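Engineer: pasted the sequence and its predicted model underneath.
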Amino acid sequence: MIAFPLKVAGDEEESLSRSSLIEGCDQMSGDEAESRGRIDHPPCIGFQNEFELIQEIISMYRSGTKQNVAILGLPYSGRSTLLAALNGEYKDSSYLVEYNSRITKKRELLESRYSQPIIFIDGCQYLFSRRIGGFSVLDDFLEEVASSSSLFITTWNLHAWNYIRRVREVERFFPKIIRLSPLSDTEMRECILKDYTEAELQFIGDVDIELPSLLRFTPYPVKLPWKSEPVEIPLPSVNIDRISLRRQRKEMNLSDEELVFQKITRMAGGNPGVGKAIWKKSFVYPTVNLKDYVPMRMPDPLLRNDAFILGIIAMTGNISREELEGAAGGEYSICPTLYRLLSLGVIMKSNGGYQVCPEALLLVNEMLLKLRIVWESTTHD
């Protein structure tokens, strides 16, 4: 039997604390002025539906019906904090395993490991890598899941899940798939403002909400008789989100504060960690000013090798240079790639590895999908 090394403290890939149920609500390092006037609030709730759904799954398990769970989300989306909150709720009958780096060694499994009926495992994307022999630990883990009577509730990087399900059919081991929903404007506001008094902050109004394009182009593969490989042709479709947002602006008379949080939520795609990062860059105590905030843009297309390495970073969360070199397979040096990605501000060094910058997450996600470095999710609850 196999044992997997534990992480007993810290975050999964976001380097944020877990003091609330929303990962993005957690305090990030900041200036001394930003911490003035902090007050104690109960943790804000952004994933109450998911929390209650997993409670129902646990109740069914205790009644004799077992459905292992995979919680999916992009980096900074709140997977780790949701799992920590669930572990706190069931701490007398659960066991929490947290991974924050690639797991490569197999050890003899301690019999006490799976003696608890509920096993929470955070960061399952660290159980495999895209290199020769990179699936051995994952395969052993899946064997343990298949033979255990315990209920496994796990978290996975969304891109890693979409990849591994095509080569290992992991959804057969985790039939209950829960993809974290984006936060609403109200939830994002509650998430960010939980540490401030209502009277201390000043919001700069007249914020122009960026609207998505009216037309959205989606590439579709088309087989041409004179081509051996399918050709992707972008086909237009109407973006319903733009029409909805224009209707909202006409019907609603929003305050400066509401406009600020509406824009943060749109720019962050409802991702709490990304929203927190945008807030931090726009906040000079006690003023919040989004008028001068410029969303990240990619000046030039990435080289294919650069995009591939960026995809590995986005899929993993936090990954060491050694692992990236292994993924490159010795075919090229990753030094120029890392230098360019760091210079563009799309990745950053953290905890001895590299991870996607929160402000760049949505840009990176969109770019990698267009280049087919990562796959769209095809799984639903």
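Structural biologist: Thanks, I have it.

Engineer: now do the helices in the stretch 1-150 of the chain.
Structural biologist: Using DSSP state H, counting those that start in this stretch, the helices of the stretch 1-150 of the chain run over 48-62, 79-89, 136-147.

Engineer: winner for burial among the ones you listed?
Structural biologist: helix 79-89 (a mean of 22; mean count of other CB atoms under 10 Å). Quick note: C-beta positions are derived from backbone N, CA and C, even for glycine.

Engineer: hang on, the earlier thing: who wins for proximity to Pro299 among the helices of the stretch 1-150 of the chain?
Structural biologist: Pro299 lies closest to helix 79-89 among the helices of the stretch 1-150 of the chain, at 31.6 Å (CB to CB).

Engineer: list the helices and strands that closest one packs on?
Structural biologist: Here helix 79-89 touches helix 48-62, strand 69-73, strand 94-98, strand 118-122, strand 151-157, going by 3 or more CB pairs under 8 Å, 6 or more residues apart in numbering; DSSP states H and E.

Engineer: let's see 6 Å
Structural biologist: Here helix 79-89 touches strand 118-122, going by 3 or more CB pairs under 6 Å, 6 or more residues apart in numbering; DSSP states H and E.

Engineer: that older thread, output the helices of the stretch 1-150 of the chain as CSV; include the columns mean pLDDT and distance to Gly275.
Structural biologist: Below are these laid out as CSV (pLDDT from 0 to 100; distance: least, CB to CB, whole Å):
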stretch, mean pLDDT, distance to Gly275
helix 48-62, 95, 18
helix 79-89, 92, 14
helix 136-147, 90, 32
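
Engineer: ok, which of those comes nearest Asn351?
Structural biologist: Short answer: helix 79-89, nearest of those by CB to CB, at 13.8 Å.

Engineer: how far away is Ser147 from Phe173?
Structural biologist: Taking CB to CB, to the nearest Å as the measure, Ser147 falls 11 Å from Phe173.

Engineer: hmm, back to that, among the helices of the stretch 1-150 of the chain, which is nearest Glu258?
Structural biologist: helix 48-62 (21.7 Å).

Engineer: where does the chain dip in pLDDT?
Structural biologist: Where the chain drops to pLDDT under 70, the residues are 1-45, 106-114, 198-200, 205-221, 227-235, 237-252, 377-381.

Engineer: mind running it again at 80?
Structural biologist: 1-45, 104-115, 132, 195-200, 204-254, 291-292, 376-381 (pLDDT under 80).

Engineer: the strands in it, which residues?
Structural biologist: 2-3, 69-73, 94-98, 107-108, 118-122, 151-157, 176-179, 202-203, 215-222, 231-238, 283-284, 287-288, 347-350, 353-356 (DSSP state E).

Engineer: and the third one, what other elements does it pack with?
Structural biologist: In terms of contact count using 3+ CB pairs under 6 Å, 6+ apart, strand 94-98 is assigned the packing partners strand 118-122.

Engineer: from the chain's centre, how far out does the strand it packs on sit?
Structural biologist: Distance of strand 118-122 from the chain centroid (CA atoms, centre = their mean, to the nearest Å) equals 18 Å.

Engineer: tell me the strands beside it, with direction?
Structural biologist: strand 94-98 (parallel), strand 151-157 (parallel) (DSSP bridges).

Engineer: and these: which comes nearest Ile57?
Structural biologist: Ile57 sits nearest to strand 151-157 of all the strands paired with strand 118-122, at 7.6 Å, using CB to CB.

Engineer: now find how far off-centre the closest one is within its chain.
Structural biologist: On CA atoms, centre = their mean, the centre of strand 151-157 falls 14 Å from the chain's centre.
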